[in-house]
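Novice: predicted structure and sequence below. I'll ask about it afterward.
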Amino acid sequence: MKSGEIRDKYLKFFADRGHRIIPAAPLVLENDPTTLFTSSG
């Protein structure tokens, strides 16, 4: 089983139980050096 299949099965498990699947988002925005500085303090 490939990693994409595992991810799909994992997400389907929770979706089948009424959870909402939301798209992935980066933790740190690209080209925004202030994000890390603000978050690290």
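Specialist: Great, that's in hand.

Novice: packing partners of the helix or strand hosting Glu5?
Specialist: For Glu5, the enclosing helix or strand under DSSP states H and E is helix 3-15. When contacts are defined as 3 or more C-beta pairs under 8 Å, 6 or more residues apart in numbering; DSSP states H and E, helix 3-15 packs onto no helix or strand at all. Bear in mind the C-beta positions are built from the backbone N, C-alpha and C, glycine included.

Novice: output the lowest mean pLDDT helix or strand found in the protein.
Specialist: helix 34-40 (a mean of 63; mean pLDDT, DSSP states H and E).

Novice: now do the residue positioned nearest the centre of the chain against Pro33, distance only.
Specialist: Nearest to the geometric centre of the chain sits Ala24, at 3.6 Å (C-alpha atoms, centre = their mean). In this structure, Ala24 and Pro33 are 22 Å apart, going by C-beta to C-beta, to the nearest Å.

Novice: over to Arg7?
Specialist: 31 Å.

Novice: which residues does the helix holding Glu5 contact?
Specialist: Helix 3-15 is contacted by residues Ile21 when judged by C-beta atoms under 8 Å, 6 or more residues apart in numbering.

Novice: circling back: can you tell me the SS state at the residue nearest to the centre of the chain?
Specialist: At Ala24 the chain is in coil, as set by DSSP: H, G, I helix; E, B strand; the rest coil.

Novice: any idea how far it is from Glu30?
Specialist: From Ala24 to Glu30 the distance is 14 Å (C-beta to C-beta).

Novice: what's the answer for Lys2, then?
Specialist: From Lys2 to Glu30 the distance is 28 Å (C-beta to C-beta).

Novice: again, but for Tyr10
Specialist: 27 Å.

Novice: between those two, who's got more neighbours?
Specialist: Tyr10 (10 against 6; other C-beta atoms under 10 Å).

Novice: pLDDT weak spots in the chain?
Specialist: Flagging of the chain using pLDDT under 70 yields the residue ranges 35-41.

Novice: how does it look with 90?
Specialist: 24-41 (pLDDT under 90).
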